[in-house]
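> this one's structure only:
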């Protein structure tokens, strides 16, 4: 028996004590100072074939500072909060280099917004629990004749403080559970994963799905080049959206001339059946939150409503710069990451249906989605775990084929969404049926 | 200590600085200070690993406590890990040509702005330039008594130009990274090149996809060597059973003119003076004249898989080592580029890279070119855009018919298992028969 060995202790208390010192020192040299302090622990078990090859425990600390002086913004971060003076100096030097911009202040103090949104105190970085998760995936995978290639399970807890010189002080806690398994049957591979902030993922189901994908993709057949209706899984759809459509909804890309959706507010940009909503209160999203990365209260953002583009996402910097209002969409990337415009929990609404009842190619995964042209949305990706469906049933797996098209255009004519959804990065997405897509077969 | 067969510690301190310019304004600049350590303990079976921010190497009882903590994690493991005896020793770090750390932030901002301004020619509607500089002080020690310290600095820039016309947009992109050097003071030509390419792409066609002959330029052929062959030769993937190259040592896996090498000793962007577990770095011939000869290894994979030598364990600061490539390339042939185009007859010349991905278990890869040219009657014709190459690794290797004489390396970053490390890859121009080209055009 190995007991949980990581806990928030004196390091955290010492670190919080430095926040006041940083704010005091920073205010002497800048108009405003912001401190973001994150401390976290995690435990990971890594599976190779059917045995755990390593177990890893991590203790993270990150201090990220932002200073504003005369409208010039400087940032700096460090993994050693005790070295905050050097970090503050670097932020001030960065500010001196930055071009001045309109700036109307960081958020001030506000009411407490209640309990933590994506934190479960029962999610404890416990080596025994990650071992159980790994074993559960293994057992699930046994239901199909495949080999386990690798897998991992991880439990994390984070504690975050955001404070600024205008008196804002917010504490947050987050938990994260993730697991994934990769399997193979001869040259057919399968990968499945699950992510949540609470212990509600069934490891057996993750393992079974990974094995199902490898087993059922075996013995695939070629399909001829042509036009097909395609059903993309949440994973395949999410990867394609992340490359071009979601960035085009960022106010920064709109105002700097890098969004195809700029100037289209009020116009139809996709199938009138679809709505894209960033919902920070979604209880499944791992990025859901009551306040954003710079302390602005978050709100539900109806970006695309029944096919019509309604608004873009903003943080404070971009909003002040271009005379707009922040939408509370500042997100921080990683432990000590800087601020960028992003989404807390992007969801897709539309007609739910049995979208595989009519003939289609179902695509579970794609290879190369990140090579999508981020400006135009043009893409061509290799299909992975794809199946030809006829009469509502899988007829055979597709051995090898490419899907080529344009992300913006493919959303123009869709055929419904699945009832089931999956957490995919910052999104909670269903599967989607797309009409008349170009498949390059063999 | 009881139950501990081996330990090592890799502690990295340093800083990453960046400057971002958008449309002639310095929008952001900043520094991230690194101070992370990874402590590995090999227990009776597998590894127990700790990663710690703000690491101070303890002594005496506190050090034993640290090892005990990692050892407790190792007790979870079931895989019987055996480490190969590996040659140790560090090769010299190349001297700095120009030291980026000696140049102040304002001067870097000024030089980046000049590159960005060079891209602002008529027709360009948006520009973005970025500079990144990373220095690392690395300290390594292990229970065998090996100790290494070294410092490296890498820096580079990128320039993106967006051309717009009638609601349509296209982008041109150039990047340059260097080891122990400062490429920023010589980059204005790249700004103009990115801009002119973006403008030209407005008039380029989307090609019709299908099976055809292709000529890959050195950058894209280098990506092929890296994505399609390099990853599949990483012995951790071979050991797990997720590489199409498993069990193929000694087999003819490609055409007889293909030789593929990984060499961390080259003073390119993927250089390492010693690998992340203290093993001496060496050149590896992965494929020689079409025959698979070696895999890339760590100390752990060599006994498990065989065929090759240690020296390819690499890691991000504070992360456990993985088997990784360094500087990977297809060796030169004896043809001219013109001969390749002529032999291709009908097809596409694919140029530049927008990235790629591989499923090594399935043996399938996909990567995207930045632009290309139709080849008709053995000559380059009109420009094409949004064209990609995908295929099966082994079939594509067999389809390589000619390699040109001049090889060129390109620097970049490679992701695997959540870690990103600097690499370079390269090749001469390469002619591939019957490749699968992706494009969404209809004529």
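Nice, I can see it. A quick note: this is a predicted structure, and the numbers were derived from the prediction, not measured.

> quick one: what helix or strand has residue B:386 in it?
Using DSSP states H and E, residue B:386 sits within no helix or strand.

> what's the answer for residue A:236, then?
Per DSSP H and E, residue A:236 falls inside helix A:234-240.

> who touches whichever helix or strand comes after that helix?
Downstream of helix A:234-240, the next assigned helix or strand under DSSP H and E is helix A:251-255. Outside of helix A:251-255, the residues within contact range by Cβ atoms under 8 Å, 6 or more residues apart in numbering or on different chains are A:247-248, A:259, A:261-262, A:312-315, A:318-319, A:321-322, A:324, A:327, A:340-341. C-beta here means a position set from N, CA and C on the backbone, and glycine is covered the same way.

> so what's the closest residue to residue A:341 other than its chain neighbours bridging to?
Spatial nearest neighbour of residue A:341, excluding adjacent residues (Cβ to Cβ, 6 or more residues apart in numbering or on different chains): residue A:250 at 4.5 Å. Judged by DSSP bridges, the bridge partners of residue A:250 are residue A:313.

> number of residues surrounding residue B:59?
The tally of other residues near residue B:59 (other Cβ atoms under 10 Å in any protein chain shown) stands at 8.

> per-residue pLDDT, it?
Residue B:59 carries a pLDDT score of 96 in this model.

> and it, backbone torsions?
Phi and psi for residue B:59, reported as degrees, to the nearest 10, are phi -120, psi 160.

> go on, residue A:404?
Phi and psi for residue A:404, reported as degrees, to the nearest 10, are phi -130, psi 140.

> that one: what's it in contact with?
By Cβ under 8 Å, 6+ apart, the contact list for residue A:404 reads A:379-381, A:438-440, B:209, B:388, B:438-440.

> for it, list each beta-bridge partner.
residue A:380, residue A:438.

> who touches residue B:165 in this structure?
Per Cβ under 8 Å, 6+ apart, neighbours of residue B:165: B:123, B:202.

> point out where chain A drops to low pLDDT.
Along chain A, the parts satisfying pLDDT under 70 run over A:1-15, A:112-114, A:334-337.

> domains of the chain?
Going with chain A. Split into domains by automatic domain parsing, chain A comes to A:10-207, A:221-442.

> other chain: chain B
According to automatic domain parsing, the ranges for chain B are B:6-202, B:208-440.

> tell me which of those lies nearest to residue A:358.
Closest approach to residue A:358 among the domains of chain B (Cβ to Cβ): domain B:208-440, 23.4 Å.

> give me the mean pLDDT for that closest one.
96.

> before we move on, the earlier item: distance check, the residue nearest to residue A:341 against residue B:75.
With distances taken as Cβ to Cβ, to the nearest Å, residue A:250 is found 47 Å from residue B:75.

> before we move on, the earlier item: just the buried subset of the contacts of helix A:251-255, please.
With burial judged by 16 or more other Cβ atoms under 10 Å in any protein chain shown, the buried subset of these is A:247-248, A:259, A:261-262, A:312-315, A:318-319, A:321, A:327, A:340-341.

> please, which helix or strand holds residue 434?
No chain specified, so I'll use chain A. In the assignment (DSSP H and E), residue A:434 maps to strand A:427-440.

> please go with chain B instead
Judged by DSSP H and E, residue B:434 forms part of strand B:430-440.

> just checking: what are the partner strands of that strand?
With DSSP bridges as the test, strand B:430-440 pairs up with strand B:208-216 (antiparallel), strand B:388-392 (antiparallel), strand B:400-403 (antiparallel).

> contact partners of the last one?
Residues outside strand B:400-403 that contact it (Cβ under 8 Å, 6+ apart): B:254-255, B:257-258, B:330-335, B:339-340, B:343, B:427-433.

> just the buried members of these?
B:254-255, B:257-258, B:330-331, B:333, B:335, B:339-340, B:343, B:427-433.

> mind listing which of those are in strands?
Judged by DSSP state E, the buried ones among the contacts of strand B:400-403 include B:330, B:427, B:430-433 as members of strands.

> closest to chain A out of these?
residue B:433 (15.2 Å; Cβ to the nearest Cβ).

> against chain A, how distant is the closest residue to that closest one other than its chain neighbours?
Spatially, and ignoring its direct neighbours in sequence, residue B:433 is nearest to residue B:399 (4.5 Å; Cβ to Cβ, 6+ apart). Residue B:399 sits 14 Å away from chain A, going by Cβ to the nearest Cβ, to the nearest Å.

> near residue B:399, how many other residues are there?
19.
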